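Peer 1: With the sequence up front, the predicted model follows.
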Amino acid sequence: MASIESSTPRPAIRRVEHARQIEARKIARRSFLRVSAFAGLTLGVGSMLAGFLGFFNLRKPTGFGGVVTVAKARMPAPGDEPVRISEGKFWLSNLVGAQGDVLGVGGTGGLMALYWKCPHLGCTVPWNPSFQGSQVNFPGITGWFRCPCHGSTYSRAGIRVFGPSPRPLDTMLLTVNGDGSLNVNTGRITPGAADNPLRAVAYNA
Ligand code: FES
């Protein structure tokens, strides 16, 4: 018995095949459009969610405003010059004994994270390693934080001894990790006060 193909004229077979190909292309196109629409919708919802979380500050902040981790390698040695931690906007002081406790509140040393923003009008306060305490009635002590804007002067523990600033430098919550690094919570700022030196955290890593 002759097959259907052999009994069907060739032009008819080609037309059927052509129609099949057109239909297959249409199906593929519809699938592609469906997938694209879904991907677009997912991206849109994702970016809206990210915007929402960002607006309400629900994402874990990093850098200033969040927790800044300081590696052990960056730690100043006891009594060394304070180290500037730019990503957290603070100075890291490692005090020896009563160092910086110029008001005599009983500081026993340790680490302090001092917010570098001057409590007067907000200028960034640099460390001046050669500034002489004799200029601010504290002879014999070299190295002070000294605000370039109006001259407020602070000890290594952030205690104000001169200038228009209404208080000592503010401090940030600091915890020591098991590996000798530090976590400084730059969102947890305590206004500076005479007890600044008592806020120093022991560091023996
Ligand atoms: S802003 Fe620092 S002393 Fe005025």
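Peer 2: Received it, and whenever you're ready, just let me know what you need. Numbers count the residues shown, from 1 in each chain.
Peer 1: Return the residues of the chain in contact with the ligand.
Peer 2: 118, 120, 121, 123, 147, 149, 150, 152, 163, 164, 165 (Cβ under 6 Å from any ligand atom). Using the backbone N, CA and C atoms, a C-beta is placed for each residue, glycine as well.
Peer 1: 5 Å instead?
Peer 2: Residues of the chain found near the ligand (Cβ under 5 Å from any ligand atom) are 118, 120, 121, 123, 147, 149, 150, 152.
Peer 1: Separate out the buried members of those residues.
Peer 2: For the residues of the chain next to the ligand, a burial check counting by 16 or more other Cβ atoms under 10 Å picks out 118, 120, 147, 152.
Peer 1: The third one is in contact with residue 119, isn't it?
Peer 2: No - applying Cβ atoms under 8 Å, one finds residue 147 not in contact with residue 119, separated by 9.4 Å.
Peer 1: which residues are common contacts for the two?
Peer 2: Here residue 147 and residue 119 share the contacting residues residue 165, scored by Cβ atoms under 8 Å, 6 or more residues apart in numbering.
Peer 1: on that earlier part again, of all the buried ones among the residues of the chain next to the ligand, which two lie farthest apart?
Peer 2: Farthest pair in those (Cβ to Cβ) is 120 and 147. Separation: 6.8 Å.
Peer 1: which residues do these two both contact?
Peer 2: Residues touching both residue 120 and residue 147 (Cβ under 8 Å, 6+ apart) are 163, 165.
Peer 1: domain assignment for the chain?
Peer 2: By the assignment in automatic domain parsing, the chain contains the domains 4-55, 67-199.
Peer 1: For the ones you listed, state which one has the densest average packing.
Peer 2: Each of the domains of the chain was scored by mean neighbour count; the highest is domain 67-199, a mean of 18, by mean count of other Cβ atoms under 10 Å.
Peer 1: what's the model's confidence in that one, averaged?
Peer 2: Per-residue pLDDT values across domain 67-199 average out to 98.
Peer 1: ok, back up a step: make a markdown table from the domains of the chain and add distance to residue 205 to it.
Peer 2: Putting those into a markdown table (distance: least, Cβ to Cβ, whole Å) gives the following:
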| stretch | distance to residue 205 |
| --- | --- |
| domain 4-55 | 35 |
| domain 67-199 | 3 |
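Peer 1: possible to save the residues of the chain next to the ligand as TSV with secondary structure and distance to residue 27?
Peer 2: Listed next are those as TSV, based on DSSP: H, G, I helix; E, B strand; the rest coil; distance: Cβ to Cβ, whole Å:
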residue	secondary structure	distance to residue 27
118	coil	69
120	coil	72
121	coil	69
123	coil	68
147	coil	72
149	coil	71
150	coil	75
152	coil	75
